[in-house]
Structure formats: C-alpha cells, structure tokens
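Asks: The sequence isn't on hand, but the structure is:
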Ligand SMILES: CSC[C@H]1O[C@H](OP(=O)(O)O)[C@H](O)[C@@H]1O
C-alpha cells in the first residue's frame, strides 16, 4: 500500500490517512483540490517527498476538474488553482517542485485533453521516480552503517513521508536488507508525534527493533553511548542549512558534542539552490497543537505559544548528505550537486 497513489479504477488519488495511525491504517480517496489541500494542511499526507507527489497528482486532479474548453481559459484557471496547492505548506520545497514539474510538462500540450492526460502521466512518473530515488538513497546510506549500529532518528522520514521506502528510514531498511542488524531510537517528535505514531509504527511493521524516547532524552542516550549515528530527513536543503522538523537542530548540536555522525538523507528534489537560510519561510502551526492532546488540555487555554514546524540546522553540523546520487561530505560543493539535478 503506497503512501500516495492514483487509483486507476476509481480515477482518484488515494493517500494513507496518517492522522489515524497508529491505531488505524486506512486509505482516503481524494477527488478535488480542496480535499487535497485539507489533507496536506492537516498532515493526513505529509513529508517532503510525499508532498512532491501530492503536488504532482494535485495538478492532475485540478486539470481533470476544470470545465473550461478553451486553452487560454483552461490554462489560466489551472495556474491559479496550482498556486493555491503550492501555498498549502511553505517550507518543504518538494510541494512546489512537484506542482511545477507536472505543470511545466503538461503545458507543453496544445489542447485541453492532452494537458489532462500528460499531467496524470507525469504525476505517475514523478511518483515512480520517488520510489527509485529512495531506494538509491537507501543503498548509498546503508554503506555508512555497520552491523550492530543503533541509529537515532527524529520525526518520520520513512515510507509514510515518501511514496514508498523512505529516506532516513530508507537507509535503515536498505542496511537491514543488506544483512546488517540495525536498531533504531525514535524520538517521539512533539507536538504531532510523527516519531511515536509513524516511525515506531513503520519499524514495528517491518520488525526492525525500535525504541521510543521523548525528544528531551536525546542527550541522555547519546551521553550513554547508545547512539552510533543520527539520520534525519529534510524538507528543504539550502547551501547554508538543512530545514527539517523542529528539534532536528538540537539533535545536531548534541551529536556534534558527542562526536556522533549526523546524516541527512534526502532526494535532490529537496535541494533549493536559489535560496539561503534567511530566505526560507518556516511554517508556524496552530498553537493548540501544543496546548492540547486530542480533547485533553495540556496548558491553560489561550496561553501564548510558539509552534514553528521546522528549524534550520547549519551545514557545519552535518556530517554528510545522503542522496540518490551518492553521499556528499563537507566542504559541500553545491554547484556540483546542482549539476546532478539538471
Ligand atoms: C522525508 S521528508 C520528511 C520530513 O517531513 C516532516 O515534516 P512533516 O511531518 O511536518 O511533513 C519532517 O520534517 C521529516 O523529516
């Protein structure tokens, strides 16, 4: 079951509704842009590569639902709706990358039906590419791990953050597939608990040993020498920083202090060669995500809250970038990496 897919029979997008995990594994059928945007904002579908695929399939859904028959009117509406999709979540570059990739390819056509057909064809190709890229990331990253290693990870950068396989967890899956015994320490990742709800669930499903800890315990396990490496995913990689789930920066500082390698696993679609850290918008989410847990109040109603969804880890804290093109170590040659993305 893929995290996000196109159901040919039902002619709609299907996503695993991640807000129901770990209690329930269920597919949600998405037939229009509004439903897709709602699913992205509420993290029913989430994770940079999965958002890339959501962006691509979203363009196909929009194109299918526009009624205009004249090409200029159709294209104007398609672009306007695609912009709403791009803006659903600002930090992960993959969402806008997925929208632009499918839009650019579809708009090469000169009639409405061809635009619709090419949009869906390209969205499906984008999804297949993602699975292949994650496998390649896994293969390159697995070489960094030795038999018996324990890896600390944060949030969820597994198959639930991608179309399948995963990036950070893809490295772990590939190492296990290569016969290495790998254990994982999964940080719960407040406030939405992607680490406890999703990563722990994924690894338990795959029978990969996983231990859940509170985010604040990362320093404790590192100082106890229980961690051989930290591997995280990314939402946007710029020349001077890696944007990832809030709390990632803290782990990078702790890893550096304890001489533990800090790896970032991500496809080239997550690299943004046009911006620096200062240019990137960090999504600020609903304060009630901290004030409440379900219906239970965890804080006084209305207490002021800071709830950035991501933080920036400076490149000097990164031991290596693991991509489908291989492993890159400092000093990072972004010009050379950019050429590989062409
Ligand atoms: C493989 S990218 C996963 C990346 O996305 C997550 O954020 P969110 O759960 O808000 O989509 C987190 O930053 C993960 O590292």
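Replies: Arrived safely. Keep in mind the model is a prediction, meaning the values are calculated, not measured. Numbers count the residues shown, from 1 in each chain.
Asks: which residues does the closest residue to residue 239 other than its chain neighbours contact?
Replies: In this structure, residue 239 finds its nearest non-sequential neighbour in residue 334, 4.9 Å apart by CB to CB, 6 or more residues apart in numbering. Yep, even glycine has a C-beta here, placed from its N, CA and C like the rest. With contact set as CB atoms under 8 Å, 6 or more residues apart in numbering, residue 334 has these partners: 239, 271, 273.
Asks: Next, count neighbours for the last one.
Replies: Taking other CB atoms under 10 Å as the criterion, the count of residues near residue 273 is 13.
Asks: My guess is it contacts residue 336. True?
Replies: No. Judged on CB atoms under 8 Å, residue 273 makes no contact with residue 336 at a distance of 11.2 Å.
Asks: Just the buried positions in the helix or strand containing residue 132, please.
Replies: Using DSSP states H and E, residue 132 falls within helix 112-142. For helix 112-142, a neighbour-count test (16 or more other CB atoms under 10 Å) marks 112, 115-120, 122-124, 126-127, 129-131, 133-142 as buried.
Asks: quick one: average pLDDT of it?
Replies: For helix 112-142, mean pLDDT rounds to 98.
Asks: Give me the distance between that helix and the centre of its chain.
Replies: 15 Å (CA atoms, centre = their mean, to the nearest Å).
Asks: Please apply the same query to stretch 182-201.
Replies: 14 Å.
Asks: Could you tell me the end-to-end distance of that stretch?
Replies: 16 Å (CA to CA, to the nearest Å).
Asks: Give me the mean pLDDT for that stretch.
Replies: 98.
Asks: Name the member of the contacts of residue 334 with the shortest distance to the ligand.
Replies: Among those, residue 271 lies closest to the ligand (CB to the nearest ligand atom), at 12.7 Å.
Asks: ok, that closest one - how many residues close by?
Replies: Other residues lying near residue 271 total 21 when counted by other CB under 10 Å.
Asks: Then residue 158?
Replies: 30.
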